[in-house]
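**Q** Got a sequence here, can you model it:
(2 chains)
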2 protein chains.
Amino acid sequence: MRNWKLTLAYDGTAFHGWQVQPGLVTVQGELQASLRRVLGEGPLPQGSGRTDAGVHALGQVASFMLSAPIPPENLARALNRTLPPSIRVLDARHVGAGFHARHSAVAKTYEYRIFRGSLCSPFLAPFVHPCVWPLDFSLLQRAAQAVTGEHDFISLAASDPDQTLRIEVAESALEARSTIRTIFDSGWSEEGELLKYRVRGGGFLHHMVRNLVGTMLEIARGQFAPDAMLKIIAARSRSAAGPTAPAKGLFLHSVEYGEDSIL
Amino acid sequence: MRNWKLTLAYDGTAFHGWQVQPGLVTVQGELQASLRRVLGEGPLPQGSGRTDAGVHALGQVASFMLSAPIPPENLARALNRTLPPSIRVLDARHVGAGFHARHSAVAKTYEYRIFRGSLCSPFLAPFVHPCVWPLDFSLLQRAAQAVTGEHDFISLAASDPDQTLRIEVAESALEARSTIRTIFDSGWSEEGELLKYRVRGGGFLHHMVRNLVGTMLEIARGQFAPDAMLKIIAARSRSAAGPTAPAKGLFLHSVEYGEDSIL
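**A** Numbering: from 1, shown residues only, chains lettered A, B, ... in the order given. Okay, here's the model as predicted:
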């Protein structure tokens, strides 16, 4: 048996998220079915985290064990021949037996895209959240910077308590029950009619990026005070924060691993 | 009653083409339903031509009569609020009573996009035809230039005779039965990993652009002789030409009208 690491991009529009669900088309399910078609063995690929229905990925990572001896470039090519065109294997490589796409991750980066123009192209619509309110960019940036560092992000997690820890199950039972996460970088940029939010952290709670974006938009349009973000975090209550921004604007950008975990 | 001209863009992926069909989601059907929701009257919008399932539009044109007195910018905004995000009204304006989106058209431009790279992004896949064969660009260009001018294009029309004239019904019964069309411009360009074919003509037979592309690709990969295009046209037989290129790479780029038809 060899341990494998795949890097994947997908257009999440037509999928019911990453995770296998009975009777629904999911990215994990499609990948498992392709492995079975190509190699006759269908291990369940473990993702770096679950992405919700409609969320896209530029660099999702999955790991699994295979007994078939197949060169990495051949596996990538064979999977891309059998996967739907909305899922692509960008890279396939052997990794050490200890590597696990979720447990070994040391950082993840998400990107959220907001469309500011008056007319959103049909070709862009599945990948942006069109926001018609006037937004103060400096308030967005200030709120984004406030979330860097270590915080208890329970105010920005999915309100269903069973769901809060769904996306990121940490290695130990203790960590799994914590809602404290560390954000390394958090900031907005403007690109023409797009506003892009990029956030890099050690881990994220379920819905955390979409709730952060929904809250920052409320701050930037004046619904919350300019310095509301740290107070919302301190409130430790989901009801203190803004709404959940739509899934379709969210991209899992990349996942980072320590070099020793990959060897 | 006022006569209206709409310019539309759409992502054709999820539609069963332009034309209303019972039980199927079509662009014409969605537009009619939106007009009914917005204004309480639902005339059947006439398109400049039918686009097949999976074909996209950057500038389709539709015309219809409305009794409701609504300012053009309000009609565009109201339709865009009720249409799916995969269809956008780019422009709405009053036109003279004689204007008809199909009969008044004097030229149409189509674009076809081919992907030449080894790995096609999931975000690009619905809009390109990935072509893995080595292609000689100068042969593509030579074949494209050969089709300019007036020709009987029956070799490049849909093989089903009932379908051949489906996309373009000319004004008079005589013209409707002709398979002679005039191509004003026809050429390829390279943009990174994309090859784009742009063709502008007075009118097109059903499947004509996709059959032209399928035939040019066969020439450029050496399956047909370098000078085969004019011979294929002269053969006046669908079986002389290459296969029909997939719908998803095709865009209706724009439709032109004489100034007097619009006033």
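**Q** And the helices in the stretch 101-250 of chain A?
**A** Along the stretch 101-250 of chain A, counting by DSSP state H, counting those that start in this stretch, helices occupy A:137-146, A:161-164, A:173-176, A:208-220, A:228-235.
**Q** quick one: residue A:186 and residue A:147 touch, right?
**A** Yes - using CB atoms under 8 Å, residue A:186 is in contact with residue A:147, at 5.0 Å. In short, each C-beta sits where N, CA and C put it, glycine included.
**Q** hey, what's in contact with both of the two?
**A** Residues touching both residue A:186 and residue A:147 (CB atoms under 8 Å, 6 or more residues apart in numbering or on different chains) are A:199, A:212.
**Q** May I ask which helix or strand encompasses residue A:8?
**A** Using DSSP states H and E, residue A:8 sits in strand A:2-10.
**Q** Residue A:47 pairs with what?
**A** Under DSSP bridges, the beta-bridge partners of residue A:47 are residue A:62.
**Q** List the contacts of the nearest residue to residue A:68 once chain neighbours are set aside.
**A** Leaving out its chain neighbours, the residue that sits closest to residue A:68 by CB to CB, 6 or more residues apart in numbering or on different chains is residue A:39, at 4.5 Å. By CB under 8 Å, 6+ apart, the contact set of residue A:39 is A:66, A:68, A:70.
**Q** what does chain A have sitting close to chain B?
**A** Applying CB under 8 Å from any CB of the partner chain, we find that chain A lies next to chain B at A:9-11, A:56, A:80, A:85-88, A:90, A:119-123, A:125-127.
**Q** that older thread, can I get the contacts of residue A:39 in CSV including pLDDT?
**A** Output for the contacts of residue A:39, formatted as CSV (pLDDT from 0 to 100):
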residue, pLDDT
A:66, 95
A:68, 90
A:70, 94
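**Q** Sitting in strands, which of those do you find?
**A** residue A:66 (DSSP state E).
**Q** Let's have the contacts of residue A:39 in TSV, adding neighbour count.
**A** Shown next, in TSV, are the contacts of residue A:39 (neighbours: other CB atoms under 10 Å in any protein chain shown):
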residue	neighbour count
A:66	18
A:68	12
A:70	15
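**Q** just to revisit the earlier point, which of the residues of chain A next to chain B fall within strands?
**A** Using DSSP E to define strands, the subset of the residues of chain A next to chain B located there is A:9, A:10, A:56, A:87, A:88, A:90.
**Q** Under the pLDDT cut-off, which ranges of the stretch 101-250 of chain A? List them.
**A** Within the stretch 101-250 of chain A, the stretches with pLDDT under 70 are A:160-176.
**Q** Quick check: the residue of the stretch 101-250 of chain A nearest chain B.
**A** Scanning the stretch 101-250 of chain A for the residue nearest chain B gives residue A:125, at 3.6 Å (criterion: CB to the nearest CB).
**Q** hang on, the earlier thing: which one among the contacts of residue A:39 gets closest to residue B:132?
**A** Relative to residue B:132, the closest of those is residue A:70; by CB to CB it sits at 20.9 Å.
**Q** Excluding chain neighbours, what is closest to that closest one?
**A** residue A:39 (6.8 Å).
**Q** quick one: which two of the ones in strands among the residues of chain A next to chain B are the most distant?
**A** Pairwise over those, using CB to CB, the maximum falls at A:56 and A:90, 13.6 Å.
**Q** Same drill for these two, tell me which one is more crowded.
**A** Between residue A:56 and residue A:90, residue A:56 has the larger neighbour count (other CB atoms under 10 Å in any protein chain shown), namely 26 against 17.
**Q** wait, the more buried one sits on residue A:127?
**A** Yes - look at residue A:56 against residue A:127 with CB under 8 Å: they come within range, at 6.6 Å.
**Q** Using a markdown table, lay out the helices of the stretch 101-250 of chain A together with mean neighbour count and distance to residue A:28.
**A** Output for the helices of the stretch 101-250 of chain A, formatted as a markdown table (neighbours: other CB atoms under 10 Å in any protein chain shown; distance: least, CB to CB, whole Å):
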| stretch | mean neighbour count | distance to residue A:28 |
| --- | --- | --- |
| helix A:137-146 | 19 | 31 |
| helix A:161-164 | 13 | 18 |
| helix A:173-176 | 10 | 20 |
| helix A:208-220 | 25 | 20 |
| helix A:228-235 | 18 | 32 |
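**Q** Of the ones you listed, which is nearest residue A:5?
**A** helix A:173-176 (22.3 Å).
**Q** any idea how chain A splits into domains?
**A** Here the domain parsing of chain A from automatic domain parsing is A:2-103, A:106-256.
**Q** possible to save those domains as TSV with distance to residue B:156?
**A** Putting these into TSV (distance: least, CB to CB, whole Å) gives the following:
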stretch	distance to residue B:156
domain A:2-103	27
domain A:106-256	28
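**Q** Which of the residues of chain A next to chain B are buried, as a ChimeraX select command?
**A** Buried members of the residues of chain A next to chain B, defined by 16 or more other CB atoms under 10 Å in any protein chain shown, are picked up in ChimeraX with:
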select /A:9,10,11,56,80,85,86,87,88,90,120,121,122,123,125,126,127
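**Q** is it true that residue A:207 touches residue A:154?
**A** No - contact criterion CB under 8 Å: residue A:207 and residue A:154 do not qualify, at 11.4 Å.
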